[in-house]
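Enquirer: I'd like to go over a predicted model; first the sequence, then the structure.
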Amino acid sequence: MSKEMKFKTIIAQYCEVLPEKMKGDLRFREDLGFSSLDFMSFLGELEDEFDVELEPEQATSISTVGEALELLNELDMAS
Amino acid sequence: MKNIRSIWDDTVKKYAKLPALRWLSKKNICEKSYGEIDEKVKDVRAMLEKGGYRGSHIALIGTSSEQWLEGYLGIVTGVNIAVPLDANLPDDELIELLQRADCEALFLSEARASLKEKALESCPKIRDIWMLTKEEFEAFPKHDIEVSGAGDYEIATIIYTSGTTGKSKGVMLSQENLAENVNNVVYDANPGCVVLSVLPIHHAYCLVMDYLKTLSLGSVVCINDSFMHMVRNMSVFKPEVMLMVPLMIETIYKKVASAEQDAIARAMEATGVPESAIPNNVLYAIRRGIYEKVFGGKLRIIFTGGAHLDSFYIEKFAEYGIDVLEGYGMSECSPVITSNTPDNHKPGSIGKPLKNVEIAFENGEILVRGSSVMKGYYKMPDETAETITDGWLHTGDKGYIDEDGYLFINGRVKNLIIMSNGENVSPEEIENKLALHPLIAEVVITGENNGLTARIFPEPEQVDKRKLSEEDIREEIQSFIDEFNKSQPTYRHITALVIRKTPFIRNTTGKIKRQDALKENPAA
């Protein structure tokens, strides 16, 4: 499974959208119905799955799927 | 035993060598025993005594940590009063609370170190600030005096809670109030039972149930370092008992349901049979695997409260052998009022009253009387008199008791918005701040889809004068809201904006009718 698909599969656990239909401009809260805790829990899973460390402050600026993927790629590059 | 000191001393006497606290430090599990914690508690108590603190209000600003607990117990097992504050509040709100609570000293987390100078400058009563760090606590002088405990009727803790008048209120809880809640909550745990604490420690529910109650039983409290790591930490600490708010249960269930669906799909593919024909032993194995992976493999009880939980989740978690027991409480009642227990529970209800609590109804509103009911709101006699009449506390919730003695809630009298993470949001508090913008003539905050919606009628004079289009208005107000959100903890973020075409409908005394806030005004 590609990294992007793995990333979208994690998101799909918290919403009704299939990973293959998940577009980058979808907003976690408004479009995917994430609660604040769903989002925190999702970030925790990203850490475990991709072995990166996220600062909760970094995460507060994220609102879309694309932005989260971008952050993940940046962290991956940095590590 | 009607005070925290006698409960704590008794616990230490019985369980000195047992672990009391576990936490993670760079992925390693650290641990402290009851005896070790008590040594530090005695140091804090002696240091406060020598510093001339007696009956003093001492604030704690920080998330759960060994130092927070030692600081808190050092305050309340002596003769002082703890004021736990929300570490996520903006600086100006914390300063205001330190001033209003007449705090004389402060335990402050490293993460909020920038507040130190501001607090010393703006709160002249504050004489000392200690950081909630290992280094600071290790440097405290070793105690060489014994300090007695406070009387049962002395105030032990002031907890700040959302107010309906736009100002948060300091709930004064006495030693007896807290001790009686600890003594009367029915909770089945043996010494050594592992509890994972995931709620914020400045909340009465977490402080009293996760810490004071759990520790009184000789159990181990494990500290969850972040909501981000809650599920991972369940695997790390393998708790038997947890306290959660409904939102956490909903989030965990999403993961469970998704893992179950995947596993069932794989089983269908492997066996070639439809879902309904999957043998029970395969289903059992699937659930066992998820139980180990998601819940840590030992969880048997989740206590929940603070907001409504759909009984669907109670049934679903029961399939995994986990009892979800709903309770009901509020800071003003130290906090538990009713609770389902492992032996007496009814889905959909919030349980039976604790033994030290009486319940009555007035026009459907739940009234509470008993030894856990607060002494009043700090320096707010009018609000206290409104809330407690003839010894009965008005909860603001509507409900009824069924023929078996279980309490059910079916509405609210006050305007507080209860989020499903258990946080209470006072709409007036936010409305007062937003109303300061010149383009906002009227604003009502409503709780919708588990978020806050700002419903705003723009100031017509401004709109005309500046020739603003609908888009201009929305853009300007949205950017003001974005700025407001930045200064607020997540649960107080405004997640939706509605610009109204007409002013809100008002009642005969000129007040906005909140129940009609979603309707446009036909008379306008």
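Expert: All right, it came through fine. Numbers count the residues shown, from 1 in each chain, chains lettered A, B, ... in the order given.
Enquirer: How about the helix or strand of chain B with the lowest mean pLDDT and chain A, any contact?
Expert: Using mean pLDDT, DSSP states H and E, strand B:417-418 stands out as the lowest-scoring helix or strand of chain B, at a mean of 80. No - using CB under 8 Å from any CB of the partner chain, strand B:417-418 stays clear of chain A, coming no nearer than 14.2 Å. The C-beta positions use only the backbone N, C-alpha and C, and glycine is treated the same way.
Enquirer: quick one: that strand to chain centroid distance?
Expert: 13 Å (CA atoms, centre = their mean, to the nearest Å).
Enquirer: quick one: strands adjacent to it?
Expert: strand B:424-425 (antiparallel) (DSSP bridges).
Enquirer: Any stretches of the chain with poor pLDDT?
Expert: The chain I'm using is chain A. Applying pLDDT under 70 to chain A flags the ranges A:79.
Enquirer: my question was about chain B
Expert: For chain B, the ranges with pLDDT under 70 are B:163-166, B:508-510, B:524.
Enquirer: contacting residues for B:P246?
Expert: Going by CB atoms under 8 Å, 6 or more residues apart in numbering or on different chains, B:P246 touches B:304, B:306-310, B:313, B:420-422.
Enquirer: Of those, select the buried ones using a PyMOL command.
Expert: In PyMOL, a selection of the buried entries from the contacts of B:P246 looks like this (16 or more other CB atoms under 10 Å in any protein chain shown):
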select buried, chain B and resi 304+306+307+309+313+420+421+422
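Enquirer: so which strand or helix has the residue nearest the centre of chain A?
Expert: Nearest residue to the geometric centre of chain A (CA atoms, centre = their mean): A:A68, 4.8 Å. With secondary structure defined by DSSP states H and E, A:A68 is part of helix A:65-78.
Enquirer: Can you tell me how far B:H493 is from B:T387?
Expert: Counting by CB to CB, to the nearest Å, the gap from B:H493 to B:T387 is 28 Å.
Enquirer: now do B:I494
Expert: B:I494 is 28 Å from B:T387, by CB to CB.
Enquirer: Neighbour count: these two, which is higher?
Expert: For B:I494 versus B:T387, the count of surrounding residues by other CB atoms under 10 Å in any protein chain shown is larger for B:T387: 22 against 18.
Enquirer: I figured that one hits B:Y377, correct?
Expert: Yes - in this structure, B:T387 is within contact of B:Y377 by CB atoms under 8 Å, at 7.3 Å.
Enquirer: nearest residue to B:K352 other than its sequence neighbours?
Expert: Computed as CB to CB, 6 or more residues apart in numbering or on different chains, the closest residue to B:K352 that is not its neighbour in sequence is B:G405, at 5.2 Å.
Enquirer: B:S349 is in contact with that neighbour, correct?
Expert: No - using CB under 8 Å, B:G405 makes no contact with B:S349, being 9.4 Å away.
Enquirer: Quick check on these two: which one has the bigger neighbour count.
Expert: B:S349 (21 against 14).
Enquirer: Now the more buried one: which helix or strand?
Expert: Here B:S349, judged by DSSP H and E, is contained in no helix and no strand.
Enquirer: My read is that it contacts B:I401, right?
Expert: No - between B:S349 and B:I401 there is no contact under CB under 8 Å: 9.0 Å.
Enquirer: Overlap of the contact sets of the two?
Expert: By CB under 8 Å, 6+ apart, B:S349 and B:I401 have these common neighbours: B:407-408.
Enquirer: hang on, B:G55 in a strand?
Expert: No - using DSSP: H, G, I helix; E, B strand; the rest coil, the secondary structure at B:G55 is coil, not a strand.
Enquirer: For it, give its distance to chain A.
Expert: According to CB to the nearest CB, to the nearest Å, B:G55 and chain A sit 38 Å apart.
Enquirer: Now A:L37. Nearest residue, chain neighbours left out?
Expert: B:T251 (4.5 Å).
Enquirer: mind checking the SS state of the one you found?
Expert: helix.
Enquirer: Next one: it from B:N280, what distance?
Expert: For B:T251, the distance to B:N280 equals 28 Å [CB to CB].
Enquirer: which one of the two has more residues nearby?
Expert: B:T251 (27 against 7).
Enquirer: who touches stretch B:115-131?
Expert: Counting by CB under 8 Å, 6+ apart, B:51, B:61, B:71, B:91, B:94-95, B:98-99, B:102-110, B:113, B:136-137 sit against stretch B:115-131.
Enquirer: And it, end to end?
Expert: The first residue of stretch B:115-131 is 11 Å away from its last residue (CA to CA, to the nearest Å).
Enquirer: Spell out which residues of the stretch 251-400 of chain B are next to chain A.
Expert: So the stretch 251-400 of chain B meets chain A at B:251-252, B:254-255, B:258-259 (CB under 8 Å from any CB).
Enquirer: give me that answer again for 10 Å
Expert: Counting by CB under 10 Å from any CB of the partner chain, the residues of the stretch 251-400 of chain B close to chain A are B:251-252, B:254-259, B:261-262.
Enquirer: Stretch A:50-66 near chain B anywhere?
Expert: Yes - Stretch A:50-66 lies within reach of chain B by CB under 10 Å from any CB, at A:54, A:56, A:59-60.
Enquirer: With distance to A:L32 as added columns, please give those in JSON lines.
Expert: Conversion of those to JSON lines gives the following (distance: CB to CB, whole Å):
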{"residue": "A:L54", "distance to A:L32": "19"}
{"residue": "A:P56", "distance to A:L32": "19"}
{"residue": "A:A59", "distance to A:L32": "15"}
{"residue": "A:T60", "distance to A:L32": "17"}
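Enquirer: Run through the bridge partners of the closest residue to B:A101 other than its chain neighbours.
Expert: Of all residues not flanking B:A101 in the chain, B:V83 sits nearest, at 4.8 Å (CB to CB, 6+ apart). Legend: beta-bridge partners of B:V83 under DSSP bridges are B:A59.
Enquirer: any idea how far B:V83 is from B:L173?
Expert: Taking CB to CB as the measure, B:V83 falls 11 Å from B:L173.
Enquirer: Repeat that for B:I409.
Expert: Using CB to CB, B:I409 is found at 23 Å from B:L173.
Enquirer: For residue 8, grab the count of nearby residues.
Expert: Using chain A. As a burial measure, A:K8 scores 20 neighbours (other CB under 10 Å).
Enquirer: Hmm, no, I was thinking of chain B.
Expert: Around B:W8 there are 22 other residues, counting by other CB under 10 Å.
Enquirer: where does B:K142 fall, phi/psi-wise?
Expert: Main-chain dihedrals, B:K142, degrees, to the nearest 10: phi -60, psi 140.
Enquirer: nearest residue to it other than its sequence neighbours?
Expert: For B:K142, the spatially nearest residue (CB to CB, 6+ apart) is B:D43, at 6.3 Å.
Enquirer: same check, this time on B:V373
Expert: Per CB to CB, 6+ apart, closest to B:V373 is B:L393, 5.0 Å.
Enquirer: does the one you found count as helix, strand or coil?
Expert: strand.
Enquirer: my read: the residue nearest to B:K352 touches B:K346, true?
Expert: Yes - the criterion here is CB atoms under 10 Å, and B:G405 meets it with B:K346 at 9.5 Å.
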